[in-house]
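no sequence for this one, just the structure:
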């Protein structure tokens with residue numbers, strides 16, 4: 001894979017890269033209008049999406065950092081984005097052009113004060129895995145294979161300016177209005193800043209591994225504080241296959257069910273027992289070991305679930321809430337989905353929208369056992385997403401609603417559902433986590 005010798009780090013450099021990408025998208029639209037004359041609307045739109053996805057991803061992968069992280073987050077929204085974007089943006093999960101070997105050595109000296117060869121017995125300067133915020137190298141020390149994650153230069157410093165560039169687009173896309181709308185952007189910014197703090201990630205990783213090591217069919221690497229810093233993490237090298245690669249060829253249903261149960265128990269235990277959750281559930285963060293166990297990686301993004309959000313959030317998912325209009329409406333107000341200043345039309349619209357959405361999305365919680373391979377269930381979610389994405393009435397409504405905690409909790413559940421569906425896990429015991 002081609003390597004990168006430099007990353008735009010200044011605000012002007014990064015803004016210039018986004019402008020260049022925008023110009024390419026503009027050219028793609030000109031081609032699209034021309035193709036509409038000679039091709040069907042569907043063919044022309046498909047070509048437009050493919051070209052835009054290619055150009056946007058190429059621009060983001062050179063920026064890396066928070067810009068590429070946003071693409072990674074969007075790739076998990078399979079029911080919202082066109083397929084061309086999902087396929088291209090999903091590369092941000094674990095397949096991004098890495099830094100060149102000389103830049104790795106230079107970056108290592110900047111962060112650690114030493115070259116890699118002064119710290120480890122062996123160090124491969126060529127990355128074995130590269131993603132949005134950092135890349136992974138294989139090393140050895142005292143006969144033990146290690147994974148060394150190194151953060152890209154300038155990532156932490158560019159988060160605020162990157163989000164400032166993205167903010168106007170997001171405001172227009174989601175029609176966010178009102179003086180308190182900054183809370184959503186602040187939530188994302190704080191989490192991205194947290195993900196660049198590798199000292200914090202090591203602490204979180206050790207704590208999560210200790211809290212969940214008793215769960216069956218689940219493995220965690222050991223982390224080494226003495227070989228880590230604020231921009232470098234050293235951990236055990238874990239053998240295994242990325243979950244997305246595994247699901248392409250696996251035909252063992254029993255293994256799928258066992259892995260799916262392990263994944264579900266892991267998340268339900270975090271959500272309901274620890275009240276803090278690994279809020280980055282994408283395929284690049286999970287391996288399948290040769291022994292058929294689930295290996296959990298990368299605990300940079302941990303979302304604490306406050307009690308005042310946790311209680312109404314899960315009460316809203318209960319059947320009795322969905323069946324009681326008064327109770328359902330009460331919970332919508334508690335979660336700031338409905339607001340006192342809403343018009344009658346807005347209250348009615350969002351009540352119906354969220355009732356329909358949750359009636360589908362909460363189905364797993366209404367049964368003892370659930371089949372996540374059910375294409376009909378995921379088809380309903382996709383159809384709902386497509387229908388509301390085209391809803392002209394929704395575009396006129398104020399998108400500034402809902403607690404800021406929804407961003408990462410909903411992201412967690414969307415990601416978890418997608419992983420469970422990718423595994424085609426059946427007979428998953430929903431409340432199995434209570435055994436632990």
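Arrived safely, thanks for sending. Bear in mind that the values here come from a model prediction, so they are computed numbers and not experimental data.

What segments of the stretch 251-400 of the chain are helices?
If DSSP state H, counting those that start in this stretch is used as the criterion, the helices of the stretch 251-400 of the chain fall at 253-269, 307-316, 319-322, 325-334, 344-361, 375-389, 392-396.

Just put these in a markdown table and tack on mean neighbour count, distance to residue 402 and mean pLDDT.
C-beta here means a position set from N, CA and C on the backbone, and glycine is covered the same way. Output for the helices of the stretch 251-400 of the chain, formatted as a markdown table (neighbours: other C-beta atoms under 10 Å; distance: least, C-beta to C-beta, whole Å; pLDDT from 0 to 100):
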| stretch | mean neighbour count | distance to residue 402 | mean pLDDT |
| --- | --- | --- | --- |
| helix 253-269 | 21 | 21 | 98 |
| helix 307-316 | 16 | 10 | 96 |
| helix 319-322 | 15 | 16 | 95 |
| helix 325-334 | 16 | 9 | 96 |
| helix 344-361 | 15 | 9 | 93 |
| helix 375-389 | 14 | 15 | 86 |
| helix 392-396 | 11 | 14 | 73 |
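
Tell me which of those helices lies nearest to residue 234.
Nearest to residue 234 among the helices of the stretch 251-400 of the chain is helix 253-269; the distance by C-beta to C-beta comes to 23.7 Å.

Tell me the helices and strands packed up against the closest one.
Counting contacts by 3 or more C-beta pairs under 8 Å, 6 or more residues apart in numbering; DSSP states H and E, helix 253-269 is packed against strand 218-219, strand 276-278, strand 294-296, helix 406-423, strand 428-429.

for the first one, what is the average pLDDT?
Read it as strand 218-219. Mean pLDDT, strand 218-219: 98.

Then the fourth one?
For helix 406-423, the mean pLDDT works out to 93.

Compute the inter-axis angle for that helix and helix 307-316.
Interaxial angle of helix 406-423 relative to helix 307-316 (axes from the mean of the first three to the mean of the last three C-alpha atoms, to 10 degrees): 50 degrees.

Now helix 406-423: buried residues?
By 16 or more other C-beta atoms under 10 Å, the buried positions in helix 406-423 come out as 406-409, 411-423.

And that helix, what does it pack against?
Secondary elements touching helix 406-423 (3+ C-beta pairs under 8 Å, 6+ apart): helix 182-195, helix 243-249, helix 253-269, strand 276-278, strand 302-304, helix 375-389.

If we use 6 Å, what do you get?
helix 253-269 (3 or more C-beta pairs under 6 Å, 6 or more residues apart in numbering; DSSP states H and E).

Among the helices and strands packed on helix 253-269, single out whichever gets nearest to residue 352.
The nearest among those, by C-beta to C-beta, is helix 406-423 at 18.4 Å.

What lies in contact with that closest one?
76, 187, 247, 256, 259-260, 267, 277, 279, 281-282, 303, 372, 378 (C-beta atoms under 6 Å, 6 or more residues apart in numbering).

These: which two are farthest apart?
Farthest pair in the contacts of helix 406-423, by C-beta to C-beta: 187 and 256, 34.1 Å.

ok so, going back, I'd like the helices of the stretch 251-400 of the chain as a markdown table, with distance to residue 241 appended.
Output for the helices of the stretch 251-400 of the chain, formatted as a markdown table (distance: least, C-beta to C-beta, whole Å):
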| stretch | distance to residue 241 |
| --- | --- |
| helix 253-269 | 12 |
| helix 307-316 | 34 |
| helix 319-322 | 38 |
| helix 325-334 | 41 |
| helix 344-361 | 30 |
| helix 375-389 | 23 |
| helix 392-396 | 40 |
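
Compare those helices and give me the one nearest residue 289.
helix 253-269 (10.1 Å).

Figure out how far stretch 105-115 is from the centre of its chain.
With C-alpha atoms, centre = their mean, to the nearest Å as the basis, stretch 105-115 stands 29 Å off its chain's centre.

Could you do stretch 379-398 as well?
Its chain's C-alpha centre and that of stretch 379-398 lie 21 Å apart, by C-alpha atoms, centre = their mean.

Also stretch 342-361?
26 Å.

How is the protein partitioned into domains?
As recorded under automatic domain parsing, the domains making up the chain are 11-92, 306-404.

Figure out the length between the terminal residues of the last one.
Right, the one you point to is domain 306-404. Domain 306-404 stretches 11 Å from its first residue to its last (C-alpha to C-alpha, to the nearest Å).

so which of the contacts of helix 406-423 comes closest to residue 333?
residue 187 (20.3 Å).

Count residues in the vicinity of the residue lying closest to that closest one once chain neighbours are set aside, would you?
Nearest residue to residue 187, sequence neighbours excluded (C-beta to C-beta, 6 or more residues apart in numbering): residue 404, at 4.2 Å. Burial of residue 404 is recorded as 18 neighbouring residues (other C-beta atoms under 10 Å).

Figure out which of the helices of the stretch 251-400 of the chain is closest to residue 220.
Among the helices of the stretch 251-400 of the chain, helix 253-269 sits nearest to residue 220 (C-beta to C-beta), with 10.3 Å.

can you list the residues that contact that closest one?
So helix 253-269 is contacted by 215, 217-218, 292, 294, 416, 420, 423-428, 432-433 (C-beta under 6 Å, 6+ apart).

Next, the angle from that helix to helix 406-423.
Using the same axes, to 10 degrees: helix 253-269 against helix 406-423 is 170 degrees.

And helix 253-269, how far out from the chain middle?
19 Å.

thought the residue nearest to residue 187 was touching residue 181?
No - look at residue 404 against residue 181 with C-beta atoms under 6 Å: they stay out of range, at 9.9 Å.

Just the buried residues of the contacts of helix 253-269.
Neighbour-count burial (16+ other C-beta under 10 Å) applied to those gives 215, 217-218, 294, 416, 420, 423-426, 428, 432-433.

re earlier: tell me which of the helices of the stretch 251-400 of the chain lies nearest to residue 229.
With C-beta to C-beta, the closest approach to residue 229 among the helices of the stretch 251-400 of the chain belongs to helix 253-269: 28.3 Å.

Tell me, how many residues neighbour the residue nearest to residue 222 when sequence neighbours are not counted?
Of all residues not flanking residue 222 in the chain, residue 236 sits nearest, at 4.7 Å (C-beta to C-beta, 6+ apart). Neighbours of residue 236 under the rule other C-beta under 10 Å: 16.
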